[in-house]
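Provide a 3D model corresponding to the input given below.
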Amino acid sequence: MRKNQTFIFIGRSGCGKGTQADLLEDYLKKNNTENSGIFHIITGNFLRALAKENTYTGELIRHVLEHGLLVEEFLPVAMWGKFFADNFKGNEHVITDGMPRKLQEAILLDGAFKFYKREKVVVVFIDLSYDSAVKR
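Purely as a prediction, here's the structure:
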């Protein structure tokens, strides 16, 4: 297995990107001969944790989540940046689930991956119709 693999799963809500990302994480764990770490980054988990806090930011995020909106780009980018700065050691596999969601986020995430020398990023786009996603 190649070291330092990076995967980005994108697609509409309900398309199965989380399921596929989980399956990939399980595969990487089973075949992890280099004992590399695995970071499975789910922006929604970061946001849900912030939404539970009794802060103004938490209140605003709760509103966004309750109405099915997207948060402004600065917030997920700040969360990823802090996570990367605090946790990267350089030998981890990275799986992102549902990020980036906007063009500006994609540009900034690309810059972060370049900074951390993440080459050959694999983007998995799951294309599912709206009706099929609703059925799921």
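
where exactly do the strands run in this structure?
Remark: strands assigned in the chain by DSSP state E are 6-10, 38-42, 93-97, 122-125.

in a markdown table, list those strands along with mean neighbour count, distance to residue 75 and mean pLDDT.
Bear in mind the C-beta positions are built from the backbone N, C-alpha and C, glycine included. A markdown table is the format used below for the strands of the chain (neighbours: other C-beta atoms under 10 Å; distance: least, C-beta to C-beta, whole Å; pLDDT from 0 to 100):
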| stretch | mean neighbour count | distance to residue 75 | mean pLDDT |
| --- | --- | --- | --- |
| strand 6-10 | 21 | 18 | 94 |
| strand 38-42 | 17 | 14 | 92 |
| strand 93-97 | 22 | 16 | 93 |
| strand 122-125 | 12 | 22 | 94 |
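
give the contact list for residue 43.
76, 79, 80, 96, 97, 98, 99, 101 (C-beta atoms under 8 Å, 6 or more residues apart in numbering).

swap the cut-off to 7 Å and go again
76, 79, 98, 99 (C-beta atoms under 7 Å, 6 or more residues apart in numbering).

so what pLDDT did the second one get?
Read it as residue 79. With respect to pLDDT, residue 79 scores 91.

count of neighbours near it?
Using other C-beta atoms under 10 Å, residue 79 is surrounded by 19 other residues.

just give the closest residue to it, not the sequence neighbours.
Leaving aside its chain neighbours, residue 79 sits nearest to residue 46 (4.5 Å; criterion: C-beta to C-beta, 6 or more residues apart in numbering).

tell me how far that neighbour lies from residue 77.
The gap separating residue 46 from residue 77 is 11 Å, by C-beta to C-beta, to the nearest Å.

the residue lying closest to residue 87 once chain neighbours are set aside bridge partners, please.
Ranked by C-beta to C-beta, 6+ apart and with sequence neighbours excluded, the top spatial neighbour of residue 87 is residue 39, at 6.8 Å. For residue 39, the beta-bridge partners are residue 94 (DSSP bridges).
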